[in-house]
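A.B. asks: show me the folded form of this:
(2 chains)
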Amino acid sequence: MSENVIEAQGLTKVYGDLTAVNHVSLSVEKGALYGLLGPNGSGKSTMIKMLTGQIRPTAGTATVLGIDVQKEPVHVRERVGIIPEQETPPSFLTASEYLQFVGAIRKIPDIDERAAWWFDFLDFADKKDVLCKDLSRGTRQKLMFAQAFVHTPELALIDEPLINFDPIMQHLVKDYLRDYVRAGNTIFLSTHILEVAEEICSGFAILHKGNILHAGPVADLTAEHRHLDEFFLSLVKSGSHA
Amino acid sequence: MLDLFIAMVKEEWRVHSTMFGSLSFALFPVLIFWIAFMGSFLLPLMRQALPAGELSLILHANYMMLGFMVGAFGLLGSEVMNRRFGQASLLSYSARSLPLSERFIFANFVVKDTLYYFVLWVLPLALGFLLASPFIGVPVTLPLLLALTLTLSFLSGLCAVFFLSSVYSRSKPALAVVLIILAGAAGALALITGQNPARFYPPLRLFLAFSWTGLVLSCAVIALLFCVSIWLFSPESSDATKHHRSLLVPLAKKLSIFPSPPLAAKDLIDIYRSGGMVGQTLFSFLIPLVVIWFFLSLLSGYLPAYGVLLEFALVTGVIASTMYTWITMFDTFGAYACLPVSVRTLIKSKIVSFSVLQIIPALFIAAVAVLSGQAIYLVPAVVLCLSVSFYSLGLTVWLTGLSPSVLVYDVRVMVTYLALTGAALIVLSAVVFAAPFAALGAVLLLIPAVFFARLGFAKWESREQPGF
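C.D. replies: Residues are numbered from 1 along each chain as shown, chains lettered A, B, ... in the order given. Below you'll find the model as predicted:
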């Protein structure tokens, strides 16, 4: 029997008059590369924030790696890797210092060696001693990517991880993500870039205006000779449940 | 010009109302009005202990400091706003996207700040005094004159900080030269006239003896300083290719006796690399305190010799507690949201960083004790200063968590803070005047400080943090 690393039941988040996420239930199996897809403002980032204990749901429950997120949010963040949607690394630390900072908080003994690997892998070793505020958006994104995976978590929740990368870097990172799940880890990926999702995800859910419109394996679409982008557009435009 | 100006005023309002809540912020001028109105009725009583000239002097000094602090915040650059609101973009930085020069925008910024803070701080105070004036036997012209001279005080603080920071941005040695010249001029004035140089502060002289010549002269000095600042103004720039030596690990090792050394080390690096260690210490701590010392020393005729020092230690303690703002301004909890860090842990680490920074007020007050010939009271003065600082910090943590700037404009928070700080200061003032060494007992303030901080940990841990 497969093991679920994420279980959400009726997750809801209300901000004043706006219901950002409306009674969403989903589960993600261990070893999946799961894509949460949706247009801008559909509630994807809010879902990731609730699943990582960054914000509290208005209603509903969630467990991540078997841990109740509401009760032990810090414990969840210890075990997972996170790339937040908008957050950038601290302005006045250098890239190298930021990874040392993450290493110290996550208690990673060989952080210097791991950091060196990431600087080489993402090709920004020449920027490691530059202040984060002076890095380009793409380089900041590389750094945020590195901090999410530097402790090799068994589950990573990553919000639009490819958005500032050039095509070469996107290719490299997509390969990395595929290999990462092949090694038995799980990735929960939020994106509105459908080609990426279709290319690398094993399962997906489409979120629109806070509601799940569809959830299932990508293979089902492939079997029906349908493309994710046309399926997505028809679903979102009609706003109906598939 | 007008469109940009109106947009900047709107933006300033939205920044404040976003940070502090629309209603709380809108009520702030009402609070100032009410304090001024009610306080005016105490003037006849206060005059018996303190001449009106000294009272107006303290008021003008406060408005000059306000100008100083507003100007200092305006010059901190985009980093504060970016860390507070994510990718914030202010009109002050729009020269990169609009066909407007940096100097033109800066000139609008100065005019906007003047009008905005006039409405926020000066007008309510003058109106409160004006409405109370018929009941306390003060001519109606006096509140109107006060509105004018307080505006000039605010502007003089604003233009002084713009001028000094423009010089600082061009050349640090030049700033040192300017400060030495200013200190020398103040000293020379004191020697020649035999009076405290603070008495020659132009807006104050204008208030005490109005003359059109004095008004023109005051305005001319302010205008000159603004023009020189705009001329010297150099847009913020950074060298994106500059490499920095790693400081985090060595600093964290030095702080290893404290909890969360990497978090505390990051705070200190933020202050150091943002230029805050020099800039903040100078503009938000030393210069305001030197101004306060000037004005407090005028009370030496009414207070015992040690009284001025210990009063000053109390005030320094309150100002030292604002160093908590220095270490919280560059990040929100959102910056730690991807890491296993709780709000409680983060606040504790900020308290550690704050404790390290308390070396500055401790050394400062010790130096003042020695230089004022009151070295015998050095230890009580330092204990008093630090105890008050940690007490105010405990209150700040409880009331504001990781957003201490809320303290300034959230009326409910501010009133609670003022009441609890004021009560402690009144008791301490009475005790130390009676027995100066009783100031050592101020260490007992650490008990409520810890109590309030613990209340704060529980309160803010249970609340969703802004900045995600």
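A.B. asks: need the three-state assignment for the residue nearest the centre of chain B.
C.D. replies: Nearest to the mean C-alpha position of chain B, by CA atoms, centre = their mean, lies B:M69 at 4.9 Å. For B:M69, the assignment made with DSSP: H, G, I helix; E, B strand; the rest coil gives helix.
A.B. asks: does anything pack onto the one helix or strand A:D220 maps to? Which helices or strands?
C.D. replies: A:D220 is part of helix A:218-223, with elements assigned from DSSP states H and E. The contact analysis (3 or more CB pairs under 8 Å, 6 or more residues apart in numbering or on different chains; DSSP states H and E) places helix A:218-223 against helix A:194-200, helix A:228-238. (C-beta placed from N, C-alpha, C; glycine too.)
A.B. asks: tell me the most buried of the ones you listed?
C.D. replies: Most buried of the helices and strands packed on helix A:218-223, by mean neighbour count (mean count of other CB atoms under 10 Å in any protein chain shown): helix A:194-200, with a mean of 19.
A.B. asks: can you list the helices and strands that that helix packs against?
C.D. replies: Helix A:194-200 packs on strand A:33-37, helix A:167-182, strand A:186-191, helix A:218-223, helix A:228-238, going by 3+ CB pairs under 8 Å, 6+ apart.
A.B. asks: okay, the angle between the last one and strand A:33-37?
C.D. replies: Compare the direction of helix A:228-238 with that of strand A:33-37 by axes from the mean of the first three to the mean of the last three CA atoms, to 10 degrees and you get 40 degrees.
A.B. asks: equivalent analysis for the longest one, please.
C.D. replies: With the same axes, to 10 degrees as the basis, helix A:167-182 and strand A:33-37 are set at 130 degrees to each other.
A.B. asks: only alpha carbons, please: show helix A:167-182 as CSV.
C.D. replies: Coordinates of the C-alpha atoms in helix A:167-182 are reproduced here as CSV (Å, rounded to 0.1, in the frame of the first residue of the first chain):
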residue,chain,number,x,y,z
PRO,A,167,16.1,27.8,-20.6
ILE,A,168,19.5,26.2,-19.8
MET,A,169,19.0,26.4,-16.1
GLN,A,170,15.4,25.3,-16.4
HIS,A,171,16.6,22.2,-18.2
LEU,A,172,19.2,21.5,-15.5
VAL,A,173,16.7,21.9,-12.7
LYS,A,174,14.0,19.8,-14.3
ASP,A,175,16.5,17.0,-14.6
TYR,A,176,17.5,17.5,-11.0
LEU,A,177,13.9,17.2,-9.9
ARG,A,178,13.3,14.1,-11.9
ASP,A,179,16.4,12.4,-10.4
TYR,A,180,15.3,13.6,-7.0
VAL,A,181,12.0,11.8,-7.0
ARG,A,182,13.7,8.7,-8.6
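A.B. asks: identify all contacting residues around it.
C.D. replies: Outside helix A:167-182, the residues within contact range by CB atoms under 8 Å, 6 or more residues apart in numbering or on different chains are A:31-33, A:121-123, A:138, A:142, A:145, A:149, A:156, A:161-162, A:165, A:187, A:189, A:196, A:199-200, A:202.
A.B. asks: also the last one?
C.D. replies: With contact meaning CB under 8 Å, 6+ apart, helix A:228-238 is reached by A:37-39, A:194-195, A:197-198, A:204, A:206, A:208, A:213-214, A:218, A:221, A:242.
A.B. asks: for the first one, same thing?
C.D. replies: For strand A:33-37, the external contacting residues (CB under 8 Å, 6+ apart) are A:6, A:28, A:44, A:47-48, A:177-178, A:181, A:186-192, A:194, A:196-197, A:200-207, A:218, A:228, A:232.
A.B. asks: that strand pairs with which strands?
C.D. replies: strand A:186-191 (parallel), strand A:203-208 (parallel) (DSSP bridges).
A.B. asks: so which bits of chain A are right by chain B?
C.D. replies: Within reach of chain B by CB under 8 Å from any CB of the partner chain, chain A has these residues: A:49, A:52, A:54-56, A:73-75, A:77-78, A:81-84, A:86-87, A:90-94, A:96-97, A:100-102, A:104-106, A:129-131, A:133-135, A:144, A:147-148.
A.B. asks: ok, for B:L378, nearest residue in space, not its chain neighbours?
C.D. replies: Distance criterion CB to CB, 6 or more residues apart in numbering or on different chains; nearest residue to B:L378, sequence neighbours excluded, is B:A369 at 4.1 Å.
A.B. asks: ok, now which ones touch that neighbour?
C.D. replies: Going by CB under 8 Å, 6+ apart, the list of residues near B:A369 reads B:309, B:375, B:377-378, B:381-382.
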